[in-house]
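> I would like the atomic coordinates for the input below:
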Amino acid sequence: MKDTVVVETQRKTKRIWRGPIRLRRVPPQPPWSEEDCRQRVETIINELLGAQREDSGSLAVTNLLDTWVGKITRVDLCNIIKELGCHHEGALAFEVFSWMQRQKRRLKPNGHTYSSIIGVLGRVGMVSRAREVFDSMLSSDIPVLVYSYNAMIGAYGRNGNFKKAWRLYEDMVTRGIHADEITFNTLLNAVGRAGLPIEKAEKLFLSMKHKGLLPSAQSYNTFLSVLSKAGHAERASTLIQEMCSTDATPNLVTYNTLLAMHAQTGKYKEGLEVYASLRAAGLEPNVVTFAGLIQLYSRTYKHQEAIDTFLEMKQSGCCPDSTIYSLMISVYGKAGLVEEAAHMFRQMQADGFKPNVVAWSSVIQAYGRLSMLQEVGKYYNEMLATGCQPDITLYNILLGAYGREGYSVQAAILFRKMIAQGVTPDAVSYNTMIQTYCKANQLADAESVYDQMTRAGFSPEKITRAALQQAGLKYTTENRIHLSRKERGVRWTPKLLRKL
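Numbers count the residues shown, from 1 in each chain. Predicted structure coming up:
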């Protein structure tokens, strides 16, 4: 009996292979690797954008996505929605989401998909559509978690509607959903975009601490950004000290925010101190840092330092973006180097950047300062041909360029065109037109523009009032220009006349 057991044990023992082991040259690829997903998402996005360029409508989007059924997952579709948001194609992203709602089982949208489409719609300004998606999520069986509320609060906050963002936050608390750090950061951003008093942001920041949420570097940077937009430099410095006393170490975003704040207010010394601290912390400047430095030099009329900073940026291997190009066009224009400004503008186009209205305004203003009206008209017509529409800033630049040379007819045409296109004139527009008409001795037109200005709630600036006084225009008690004592005794020096 014992011999039989020994034999069976020997049969069950596996023999060890002593020969050579051959390795596989190419390991087997999983059916859904990250590379496969990336290629699928890229292919579908290109097809969707191509269908949109052909203006085939939503039916073409539906037919296109139907051909991918069985080859894509919910994760792929969610990534497609996010990528379309990066391309500012909110309507196309919503069509993809609507197609997902008509599908069954594994392709139907979940809570993460709802949050993604709400965030995309909020970023492109389609807030009402984002609210419709959020309400449909509330009425469905999909659990609504804090990140869904954060997406909708962010949609309201980006468009400056803090009241609705706050009401949604209160509704979230009422439903028993606890706010996280992202919720308070989103509300802080909403305060900054709505231009509310800084005390509201202070209360939110303290409320986050009272709820046991320790602010991270991102929270400090968000609050710092709100302070920087409001110009509260002293409170920003105390916040940095508080940040250094905690585990939240200032990072590159912190220093860039401080640098941008000092650049906007023109505080040259403080801005350079921030840049020195950035370097002392062992951080390497990025394109945002160089943009802040160039803007700091430009605001303080140190044009050569701005040009040197741009050259240093290129030598460091940091590629300029559209913001840097727009700043440098403005720097060269202010320095009177109009050819360099034009070269920078063409270089921007050669690098694949589509100039926005800020870039067009900078290059047009560069020529306008030198009274090169032919080039001004050339670039303006080229801008209109690209589909870029002028804003109030560009219209004021054009009005000033034509007004300084006494072309009142061309300025009047632009002024009427601006109003016809729905661009509301501001104080600069009215002052420029009044000074233009006074210079051309068209007193009736100057009086008419002044009446429009007063009805719009604006008051003329000092030079405009002096020009009207010199023109000898008389008004009734209701629309009389009230001059200060200093302005009543103004001496008409050649310098003041040149300003007019």
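> name the element residue 241 belongs to?
helix 233-244 (DSSP states H and E).
> Residue 200 now?
Element membership for residue 200, per DSSP H and E: helix 198-210.
> likewise residue 375?
Using DSSP H and E, residue 375 falls in helix 373-385.
> just the angle between whatever helix or strand comes next after that helix and helix 373-385, please?
Using DSSP H and E, the helix or strand that follows helix 373-385 towards the C-terminus is helix 392-404. The directions of helix 392-404 and helix 373-385 differ by 150 degrees, with axes from the mean of the first three to the mean of the last three C-alpha atoms, to 10 degrees as the criterion.
> ok, and what's touching helix 392-404?
With contact meaning C-beta atoms under 8 Å, 6 or more residues apart in numbering, helix 392-404 is reached by 357, 360-361, 364-365, 367-368, 371, 373, 376, 380, 390, 408, 410-411, 414-415, 418, 423-426, 428-429, 432-433, 435-436, 439. Every residue, glycine included, has its C-beta placed from N, CA and C.
> Where does pLDDT dip in this protein?
In the predicted model of the chain, residues 1-14, 22-32, 54-58, 471-500 satisfy pLDDT under 70.
> biggest helix in it, by residue count?
helix 34-53 (DSSP state H).
> And the helix or strand following that one, what does it pack against?
Toward the C-terminus, helix 34-53 is succeeded by helix 58-66 as the next helix or strand (DSSP H and E). When contacts are defined as 3 or more C-beta pairs under 8 Å, 6 or more residues apart in numbering; DSSP states H and E, helix 58-66 sits against helix 34-53, helix 90-101.
> which of the residues in the shortest one are buried?
Along helix 90-101, these residues count as buried under the neighbour rule (16 or more other C-beta atoms under 10 Å): 90, 92-97, 99-100.
> Next, the angle from that helix to helix 34-53.
Using the same axes, to 10 degrees: helix 90-101 against helix 34-53 is 120 degrees.
> can I have helix 90-101 written out in PDB, keeping just the CAs?
Only the C-alpha atoms of helix 90-101 are listed here, as PDB (Å, rounded to 0.1, in the frame of the first residue of the first chain):
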ATOM      1  CA  GLY A  90     -19.500  74.000 -26.200                       C
ATOM      2  CA  ALA A  91     -22.400  73.400 -28.600                       C
ATOM      3  CA  LEU A  92     -20.600  70.400 -30.200                       C
ATOM      4  CA  ALA A  93     -19.800  69.000 -26.800                       C
ATOM      5  CA  PHE A  94     -23.500  69.200 -25.800                       C
ATOM      6  CA  GLU A  95     -24.500  67.300 -28.900                       C
ATOM      7  CA  VAL A  96     -22.100  64.500 -27.900                       C
ATOM      8  CA  PHE A  97     -23.600  64.500 -24.500                       C
ATOM      9  CA  SER A  98     -27.200  64.400 -25.900                       C
ATOM     10  CA  TRP A  99     -26.200  61.400 -28.000                       C
ATOM     11  CA  MET A 100     -24.900  59.700 -24.900                       C
ATOM     12  CA  GLN A 101     -28.300  60.300 -23.200                       C
END
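> next helix or strand past that helix?
helix 111-123.
> Take the buried residues of helix 90-101 and write them to TSV, including distance to residue 75.
Putting the buried residues of helix 90-101 into TSV (distance: C-beta to C-beta, whole Å) gives the following:
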residue	distance to residue 75
90	21
92	19
93	15
94	19
95	19
96	13
97	14
99	16
100	12
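> For residue 68, which three-state class applies?
coil (DSSP: H, G, I helix; E, B strand; the rest coil).
> quick one: the spatially closest residue to it that is not a sequence neighbour from residue 83, how far?
Leaving aside its chain neighbours, residue 68 sits nearest to residue 44 (6.5 Å; criterion: C-beta to C-beta, 6 or more residues apart in numbering). Separation of residue 44 from residue 83 (C-beta to C-beta, to the nearest Å) stands at 9 Å.
> Same question for residue 105.
The value you get for residue 105 to residue 83, if C-beta to C-beta is used, is 24 Å.
> Settle it for me: which of the two has more neighbours?
Set side by side, residue 105 and residue 83 show more neighbours around residue 83, with 17 against 6, by other C-beta atoms under 10 Å.
> What number of residues are in the vicinity of residue 296?
27.
> what does residue 298 give?
Neighbours of residue 298 (other C-beta under 10 Å): 21.
> Likewise for the one 4 residues further on?
Burial of residue 302 is recorded as 15 neighbouring residues (other C-beta under 10 Å).
> repeat for residue 310
There are 22 residues near residue 310, going by other C-beta under 10 Å.
> Pull out the CA atoms of whichever strand or helix holds it and give them to me as PDB.
In the assignment (DSSP H and E), residue 310 maps to helix 303-315. C-alpha atoms of helix 303-315 as PDB (Å, rounded to 0.1, in the frame of the first residue of the first chain):
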ATOM      1  CA  HIS A 303      10.900  99.700 -22.900                       C
ATOM      2  CA  GLN A 304      14.500  98.500 -23.400                       C
ATOM      3  CA  GLU A 305      14.300  96.400 -20.200                       C
ATOM      4  CA  ALA A 306      11.100  94.800 -21.600                       C
ATOM      5  CA  ILE A 307      12.800  94.000 -24.900                       C
ATOM      6  CA  ASP A 308      15.800  92.500 -23.000                       C
ATOM      7  CA  THR A 309      13.400  90.400 -20.900                       C
ATOM      8  CA  PHE A 310      11.800  89.100 -24.100                       C
ATOM      9  CA  LEU A 311      15.200  88.100 -25.500                       C
ATOM     10  CA  GLU A 312      16.200  86.400 -22.200                       C
ATOM     11  CA  MET A 313      12.900  84.400 -22.400                       C
ATOM     12  CA  LYS A 314      13.700  83.100 -25.900                       C
ATOM     13  CA  GLN A 315      17.300  82.200 -24.900                       C
END
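> what does that helix contact?
285, 287, 290, 293-294, 297-298, 320, 324, 327-328, 331-332, 334-335.
> Just name the closest of those residues to residue 233, please.
residue 293 (17.6 Å; C-beta to C-beta).
> Pull out the buried positions in the helix or strand in which that closest one is found.
Per DSSP H and E, residue 293 falls inside helix 287-299. Across helix 287-299, burial judged by 16+ other C-beta under 10 Å covers 288-299.
> Taking helix 303-315 as reference, get the angle to that helix.
170 degrees.
> elements contacting helix 287-299?
helix 252-265, helix 268-280, helix 303-315, helix 322-334.
> and the residue nearest to residue 68, how many neighbours?
That count, for residue 44 with other C-beta under 10 Å as the rule, works out to 23.
> Am I right that it is in contact with residue 72?
Yes - counting by C-beta atoms under 8 Å, residue 44 sits close enough to residue 72 to count as a contact (7.3 Å).
> gap between the nearest residue to residue 178 once chain neighbours are set aside and residue 184?
Excluding the flanking residues, the one nearest residue 178 by C-beta to C-beta, 6+ apart is residue 146, at 6.9 Å. Here residue 146 is placed at a distance of 11 Å from residue 184 (C-beta to C-beta).
> more neighbours, those two?
Neighbours were counted for residue 146 and for residue 184 using other C-beta under 10 Å; residue 184 has more, 23 against 15.
> Output the helix holding residue 375 as PDB, nothing but the C-alphas.
Taking C-alpha atoms only, helix 373-385 is exported to PDB below (Å, rounded to 0.1, in the frame of the first residue of the first chain):
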ATOM      1  CA  LEU A 373      -3.100 106.500 -41.200                       C
ATOM      2  CA  GLN A 374      -2.700 104.500 -44.400                       C
ATOM      3  CA  GLU A 375      -1.200 101.600 -42.400                       C
ATOM      4  CA  VAL A 376      -3.900 102.100 -39.700                       C
ATOM      5  CA  GLY A 377      -6.600 101.600 -42.300                       C
ATOM      6  CA  LYS A 378      -4.700  98.600 -43.900                       C
ATOM      7  CA  TYR A 379      -4.500  96.700 -40.600                       C
ATOM      8  CA  TYR A 380      -8.000  97.600 -39.700                       C
ATOM      9  CA  ASN A 381      -9.400  96.200 -42.900                       C
ATOM     10  CA  GLU A 382      -7.300  93.100 -42.600                       C
ATOM     11  CA  MET A 383      -8.700  92.500 -39.100                       C
ATOM     12  CA  LEU A 384     -12.200  92.800 -40.400                       C
ATOM     13  CA  ALA A 385     -11.400  90.300 -43.100                       C
END
